[in-house]
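In: one predicted model, sequence on top.
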Amino acid sequence: MALDLKRIEGGENLNTEFKREYTEDIKKTIIAFANTSGGMLYIGINDDGTAAGVDSPDNTMLQVTNVVRSAIKPDLAMFVDCRAEKLGNATVIAVTVQKGTACPYYLAGKGIRPEGVYMRLGASSVQASEAAIFNMVKETGGERFEAMPSLNQDLTFDAAERFFERAGIPFATNHRKTLHMQTTDGMYTNLGLLFSDQAVHSLKLAVFDGPGKEIFKDRREFSGSILSQMEDAHAFLEMHNHTYAKVEKLYRKDRRDYPEDALREALLNALVHRDYAFPSCTLISIFDDRIEFVSAGSLPKGVFLDDIMLGLSMPRNTNLAEIFYRLRLVEAYGTGIPRIMRSYAEYARKPELQASSNAFKITLPNRNAILPAPAGNETIPLTENEEKAIALLESRDRIVRGDVEAALNISQAMAVRVLRGLVEKGAVRVVGGGTKTRYEKP
């Protein structure tokens, strides 16, 4: 069968490549065609499109089929056709490569990383960027990040092995496959990456002086296995969860700033339910009067804050949540948020949940910075300045410190004390931080 001379005369382009003879680099071209839009590879043709031919067509075709089967992953054989054709008096090898359905295809010895994945860029086969690889994985595997193949396949699990051993759960290779950390053919998934010592998502914590973010008192960043991050972050939160002692008659009563259950559940929620497709860090900010947990990813489609408050659970990371359940880190789906709310039942100021299009935030009030909720119909009395500030708030949706200063003709420090008193009494709630701090009706 004769070749299409018009295609040959068109020269090399996005879908056409010439090789004078068989070389090992041919596998990169085949991978690039399969990852982009398919193409034709001709062996035995010079760069200018003139025929050189091959000395042994059968041997060359065998070399091509062998390299496709042994050097390229996943299996690409069904998308590659290799045949000998005539161009004038010469015999050349025409290799037809279709776009594959399991992109990214990669060199078996390199893995899913830029040095192993190739794409077509014009008439060249080039290494794919990490962003391009991620997009290929996402298009092929759907939107469940945890089930996609990890870009890094050189993973270790020293920290995870210690946690699983402590929980009495086996963690050998076959068990990691059952837990969906590895595919049936042994490839690590992004879920495996999260539990590995090489996990790329980190967790940042900061302690601020006062209610805003102007002055840092302490800051940390924890990386590595998600289990190590959880343990390190919990220890840090415990260190900053101070105890307030109050003597009533003959008895001393100790109360920590934050209920231990609430801290634990908020931390686990931020780690288990965040959207790991976003490269951003999980953020935990500790202020004098509150702790904020901010994680990437909004609520799952069709789920609203009211649903979460009622205990509805639709885990974004189903397999991750299941592993935390097996490790006895979470008790049951949907119980975390109601447990947090119950721990503040006797306080006027409650935990707050906020969701944007790309983030979710839980705010826990400092129990020692707020007053208990009054019993029955009793109310907490306000000072004269506090009443004026409330009257100002009644006339608008929100106020800032400067509004109180101007309306009450008081100093900045006094305005801060007035607003802090209203927050402690549950009469207003704080929104935002730093220069963007504002106060709204609870």
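Out: That came through, no problem.

In: distance of residue 257 from residue 263?
Out: Separation of residue 257 from residue 263 (Cβ to Cβ, to the nearest Å) stands at 9 Å. From N, CA and C alone the C-beta is placed, and that goes for glycine too.

In: please say which of the two ends up with more neighbours.
Out: residue 263 (24 against 21; other Cβ atoms under 10 Å).

In: show me the contacts for that one.
Out: 234, 237-238, 241, 291, 364 (Cβ atoms under 8 Å, 6 or more residues apart in numbering).

In: need those in CSV with neighbour count, can you?
Out: Shown next, in CSV, are these (neighbours: other Cβ atoms under 10 Å):
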residue, neighbour count
234, 15
237, 20
238, 13
241, 16
291, 25
364, 24
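
In: of these, which belong to strands?
Out: 291, 364 (DSSP state E).

In: where does the chain have low pLDDT?
Out: By pLDDT under 70, the weakly predicted segments of the chain are 1-10, 138-144, 245-253, 302, 332-334, 370-380.

In: okay, and the common contacts of residue 257 and residue 263?
Out: Common neighbours of residue 257 and residue 263 (Cβ under 8 Å, 6+ apart) are residue 241.

In: can I get the contacts of residue 263 in TSV including distance to residue 43?
Out: Putting the contacts of residue 263 into TSV (distance: Cβ to Cβ, whole Å) gives the following:
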residue	distance to residue 43
234	60
237	63
238	66
241	69
291	64
364	66
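
In: check the gap between residue 145 and residue 313 for me.
Out: For residue 145, the distance to residue 313 - Cβ to Cβ - is 18 Å.

In: hang on, I meant residue 324
Out: For residue 324 relative to residue 313 (Cβ to Cβ), the value is 12 Å.

In: equivalent analysis for residue 229, please.
Out: With Cβ to Cβ as the criterion, residue 229 and residue 313 are 22 Å apart.

In: for residue 200, same thing?
Out: 26 Å.

In: out of these two, which sits in the busier spot?
Out: Between residue 200 and residue 313, counted using other Cβ under 10 Å, the more crowded position is residue 313 (17 against 14).

In: does residue 288 sit in a helix, a strand or a coil?
Out: coil (DSSP: H, G, I helix; E, B strand; the rest coil).

In: quick check on it: phi, psi?
Out: The phi and psi values for residue 288, taken as degrees, to the nearest 10, are phi -60, psi -30.

In: list the residues that contact it.
Out: By Cβ under 8 Å, 6+ apart, the neighbours of residue 288 are 208-211, 366, 369.

In: same thing but 10 Å
Out: If you count contacts by Cβ atoms under 10 Å, 6 or more residues apart in numbering, residue 288 has them with 207-212, 217, 257, 366, 368-369, 420.

In: hang on, residue 281 packs against residue 199?
Out: No - the pair residue 281 / residue 199 is not scored as a contact, 11.8 Å apart, by Cβ atoms under 10 Å.

In: tally of neighbours for residue 419?
Out: Using other Cβ under 10 Å: residue 419 sits among 24 other residues.

In: and stretch 201-215, how far from the chain's centre?
Out: 20 Å (Cα atoms, centre = their mean, to the nearest Å).

In: that older thread, would you show me how to pick out the buried ones of the contacts of residue 288 in ChimeraX?
Out: Here is the ChimeraX command that picks out the buried ones among the contacts of residue 288, judged by 16 or more other Cβ atoms under 10 Å:
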select :207,208,210,211,212,257,366,368,369,420
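
In: pull the most distant pair out of the contacts of residue 288.
Out: 212 and 368 (19.2 Å; Cβ to Cβ).

In: residue 419 in helix, strand or coil?
Out: Per three-state DSSP, residue 419 ends up helix.

In: residue 439 now?
Out: Once three-state DSSP is applied, residue 439 turns out strand.

In: who's it bridged to?
Out: residue 399, residue 430 (DSSP bridges).

In: pretty sure residue 254 is touching residue 243, no?
Out: Yes - look at residue 254 against residue 243 with Cβ under 10 Å: they come within range, at 5.2 Å.

In: which element follows the one helix or strand residue 295 maps to toward the C-terminus?
Out: Assigned by DSSP states H and E, residue 295 falls within strand 290-296. Going down the chain from strand 290-296, the next helix or strand is helix 305-309, by DSSP H and E.

In: other SSEs contacting that next one?
Out: helix 336-342, strand 352-355 (3 or more Cβ pairs under 10 Å, 6 or more residues apart in numbering; DSSP states H and E).

In: dump these to JSON lines, plus distance to residue 429 and mean neighbour count.
Out: Shown next, in JSON lines, are the helices and strands packed on helix 305-309 (distance: least, Cβ to Cβ, whole Å; neighbours: other Cβ atoms under 10 Å):
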{"stretch": "helix 336-342", "distance to residue 429": "15", "mean neighbour count": "18"}
{"stretch": "strand 352-355", "distance to residue 429": "7", "mean neighbour count": "16"}
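
In: out of those, nearest to residue 303?
Out: strand 352-355 (9.2 Å).

In: about what we covered before: of all the helices and strands packed on helix 305-309, which one is nearest residue 25?
Out: Nearest to residue 25, of these and by Cβ to Cβ, is strand 352-355 at 50.0 Å.
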